[in-house]
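Chemist: Coordinates for the following, if possible.
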Amino acid sequence: MDSPPAPAQPQPQKPLFHKQNPIFELLIIAGVTISVLFLLKGSTFFLNKVKNTKQVTVKQTTIKPLTSISQRLNSISNNNQMRFAFMRNGNIYLFDNEKEILLISPEKQSDKNHCYGMNFPSVSPNGQYLAYIEQKGDGPGEDGCVEGSLNIIDFEKKTESKTDYKIMSFQWRANNKIKFQPIEQSNQLKEGDKIITKQIYYDPRTGKKTIYEKVEIFEEIYGVDNETKEIVNRGIGDVLYSVDYPNDQETRLIRYKNGKYYLINLFTSYWYLLVDADQVGDFVGWSPDGRLALFMANPEEKTEVFMGQVWYIFDTDNIATGLQKTVVVRGAAGGSMSVGLQWYFNKGFISYCSQSLSFVNGDKPLELTNSGGGGCHNEDGFVATSPNGEYAIVKFNDRFELHNKNGDKIKINETLLITKSRFNPYKLIWLNNDFLIISERDFQNNKNKVSLFDRNKNTIEPLIENASI
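Modeler: Numbers count the residues shown, from 1 in each chain. Below is the predicted model:
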């Protein structure tokens, strides 16, 4: 088991990183027109259609179910570039290079007291692993059949491993590690007890794990009653003591401790005092390149603006610039579980329950959809940036667009129009730098389906029916 290095004393006077040239330039969203003449002449077009690139033929061939998981794994190709997992009728399927493979089925049917099922199958960014949550007779609990054990399939080694971790959700990180929070058995707490929540980064290649902890103190909270002016017990509360927030590269982290936020270089263990916690609110997340650290504003600070809230951004490659402000559009209604900020290159992001793209340089947010209705949505159905950081697909009310990192954009052709709203499609996932899958809800037939975006053809085509990603 690996743990982050335990730094000695804070050393704010020591420089952390060499100053680098800023990588962020103003993103020009509007005013880009691609003329028909430009296309006809075949000038250098930002989509860079690759000659002789194999195009995917969209077809639906299902392999006959095999008798064991090992036999099914042996039927999987060695090409991991066109591979993703989906659910259909309670079973886990794998789409593997134009074939649908029934991979895993639950042992039994769930009943009102027991859960037997598979949830959230997801393939790693490099296509080598599939992780999913398995329930084997666990009680449904208040939220139904949700939590279970984390299992991992290695397509290269043709093996399946079952871990001892009980979890409710997980996320693949860009470095092909799995991030999750194990469910700990709760004990009777008394005042002064520490509550430790673990955030684990698990490497399926080596089996090693790195643990980052959140420590809270369980204590009684007292306050003055507004009417009687007497001191009353407000109840029990968890008061934050310390917590670590690593970037995806695990090269640096933000540490909250004793009312202050520090930046820590995980190679040198140097601490750098960023800001007192009363100057900002909660830490929100890192940019994909592991450089920008985002914070909400302090709740007591009046930061409401006409379009949303003010957030603060630290450029950890250029600390001397200090806190920078940006306007973030956020919704307030409850709904689907947050999956974290979804990024547009390293320049902008979609926050929870928002239908607008917010920019780190403080530019006015860009509205993507404007659907009404109650409830909320998660963040991952609006924008998605390719693994190499060169392209991003963006959803609007009436179209999809493909942008490149230089600010050029083009409308994407749809062979069958997809209904677009804040709820639909609800996932955009790049399989590699050329192909992206779009998971949409078919409200009329109550069945989800998946479409495929081919960057070289600049088209979106239907791929598979009755499939949930």
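Chemist: Now stretch 410-417: buried residues?
Modeler: Buried residues in stretch 410-417, counted by 16 or more other C-beta atoms under 10 Å: I410, I412, E414. In short, each C-beta sits where N, CA and C put it, glycine included.
Chemist: Sorry, slip of the keys, the one I care about is stretch 177-195.
Modeler: Within stretch 177-195, the residues that count as buried by 16+ other C-beta under 10 Å are K177, I178, K179, F180, P182, I195.
Chemist: Over that stretch, what's the mean pLDDT, rounded is fine.
Modeler: In this model, stretch 177-195 has a mean pLDDT of 82.
Chemist: about what we covered before: in strands only, show me the buried residues of stretch 410-417.
Modeler: The strands, defined by DSSP state E, take in I410, E414 from the buried residues of stretch 410-417.
Chemist: Could you export the buried residues of stretch 410-417 as JSON lines, including pLDDT and distance to N404?
Modeler: As requested, the buried residues of stretch 410-417 are exported to JSON lines (pLDDT from 0 to 100; distance: C-beta to C-beta, whole Å):
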{"residue": "I410", "pLDDT": "98", "distance to N404": "9"}
{"residue": "I412", "pLDDT": "98", "distance to N404": "13"}
{"residue": "E414", "pLDDT": "97", "distance to N404": "20"}
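Chemist: can you redo the buried residues of stretch 410-417 as TSV with distance to I200?
Modeler: Formatted as TSV, the buried residues of stretch 410-417 follow (distance: C-beta to C-beta, whole Å):
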residue	distance to I200
I410	41
I412	38
E414	40
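Chemist: Out of the buried residues of stretch 410-417, flag the one nearest to L240.
Modeler: Nearest to L240 among those: I412, at 44.0 Å, using C-beta to C-beta.
Chemist: so what's that closest one up against?
Modeler: By C-beta atoms under 8 Å, 6 or more residues apart in numbering, the residues touching I412 are I393, R399, F400, E401, L402, F453, N458, T459, I460.
Chemist: Name the nearest residue to it, sequence neighbours excluded.
Modeler: Excluding the flanking residues, the one nearest I412 by C-beta to C-beta, 6 or more residues apart in numbering is F400, at 4.3 Å.
Chemist: Next one: that neighbour, what pLDDT does it get?
Modeler: At F400 the predicted local confidence, pLDDT, stands at 98.
Chemist: List only those of the contacts of I412 flagged as buried.
Modeler: Buried members of the contacts of I412, counted by 16+ other C-beta under 10 Å: I393, F400, E401, L402, F453, I460.
Chemist: Let me know the average pLDDT across stretch 317-332.
Modeler: Averaging pLDDT along stretch 317-332 gives 83.
Chemist: Go through it and flag the buried ones.
Modeler: Buried residues in stretch 317-332, defined by neighbour count with 16+ other C-beta under 10 Å: D317, T326, V327, V328, V329, G331.
Chemist: got these as TSV, with distance to F86 and secondary structure columns?
Modeler: Converted to TSV, these look like this (distance: C-beta to C-beta, whole Å; DSSP: H, G, I helix; E, B strand; the rest coil):
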residue	distance to F86	secondary structure
D317	39	coil
T326	36	strand
V327	37	strand
V328	32	strand
V329	31	coil
G331	28	coil
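Chemist: Most distant residue from the centre of the chain?
Modeler: Using C-alpha atoms, centre = their mean, the residue of the chain lying farthest from its centre is T228. It sits 47.6 Å away.
Chemist: Just read off the phi/psi values of that one.
Modeler: phi -90, psi -20 (degrees, to the nearest 10).
Chemist: What distance do you get for it to E220?
Modeler: Distance of T228 to E220, given as C-beta to C-beta, to the nearest Å: 19 Å.
Chemist: likewise P425?
Modeler: For P425 relative to E220 (C-beta to C-beta), the value is 47 Å.
Chemist: which one of these two has more residues nearby?
Modeler: A count of neighbours by other C-beta atoms under 10 Å puts P425 above the other of P425 and E220, at 25 against 12.
Chemist: hey, what's the residue nearest to I412 bridged with?
Modeler: Note on F400: beta-bridge partners by DSSP bridges are K395.
Chemist: And K136, by the same measure?
Modeler: Y116.
Chemist: is it possible to export the buried residues of stretch 177-195 to TSV including distance to L274 and secondary structure?
Modeler: Formatted as TSV, these follow (distance: C-beta to C-beta, whole Å; three-state DSSP):
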residue	distance to L274	secondary structure
K177	25	coil
I178	28	strand
K179	23	strand
F180	27	strand
P182	29	coil
I195	25	strand
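Chemist: Tell me which two in those are the farthest apart.
Modeler: Applying C-beta to C-beta across the buried residues of stretch 177-195, the maximum distance is between K177 and I195, 25.1 Å.
Chemist: Tell me where the chain has helices.
Modeler: Using DSSP state H, the helices of the chain run over residues 36-41, 69-74.
Chemist: Least confident of those helices, on average?
Modeler: Comparing the helices of the chain by mean pLDDT, the weakest confidence falls on helix 36-41, with a mean of 34.
Chemist: before we move on, the earlier item: kindly indicate which of the buried residues of stretch 410-417 lies nearest S124.
Modeler: Nearest to S124 among the buried residues of stretch 410-417 is I412, at 26.3 Å by C-beta to C-beta.
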